[in-house]
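>>> What would the 3D arrangement of this be:
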Amino acid sequence: MYLKKLIAPIFITLLLLLYYGFILLNLIRIPESVGIRILWLIVPLGLMGVSVFVLIERIKEIRSGDEDDLGKY
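Numbering: from 1, shown residues only. Coordinates of the predicted model:
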């Protein structure tokens, strides 16, 4: 029962990780100084981490059965 609800978040997260990974590969090839390159690499890495964190939170939410977040307000 949970599997059907998990397919979309997992698929979207995988697409985001592929996209950010592609950005990382392109940013590595930029012939800038090391400091600027490191600053530019932090953003996609941070977004990848946030995407995985949100996926984990969504999986916990689905397993707990709390689907309607708006019902709390």
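>>> Please name every helix or strand in contact with the longest helix seen in the chain.
What stands out as the longest helix in the chain, according to DSSP state H, is helix 34-64. Applying 3 or more CB pairs under 8 Å, 6 or more residues apart in numbering; DSSP states H and E, one finds that helix 34-64 contacts helix 2-28. Every C-beta, even on glycine, is put in place using the N, C-alpha and C of the backbone.
>>> got the angle between the helix it packs on and helix 34-64?
180 degrees (axes from the mean of the first three to the mean of the last three CA atoms, to 10 degrees).
>>> Enumerate the positions of helix 2-28 that are buried.
Across helix 2-28, burial judged by 16 or more other CB atoms under 10 Å covers 9, 13, 16-17, 20, 23.
>>> what packs against that helix?
Using 3+ CB pairs under 8 Å, 6+ apart: helix 2-28 touches helix 34-64.
>>> What residues sit buried inside the helix it packs on?
In helix 34-64, counting by 16+ other CB under 10 Å, buried: 44, 48, 51, 55, 58, 62.
>>> Distance check, the residue nearest the centre of the chain against K4.
With distances taken as CA atoms, centre = their mean, the residue of the chain nearest its centroid is S51 (1.8 Å). Between S51 and K4 the distance is 21 Å, computed by CB to CB, to the nearest Å.
>>> sorry, back to before: show the average pLDDT along the longest helix of the chain.
The average pLDDT for helix 34-64 rounds to 87.
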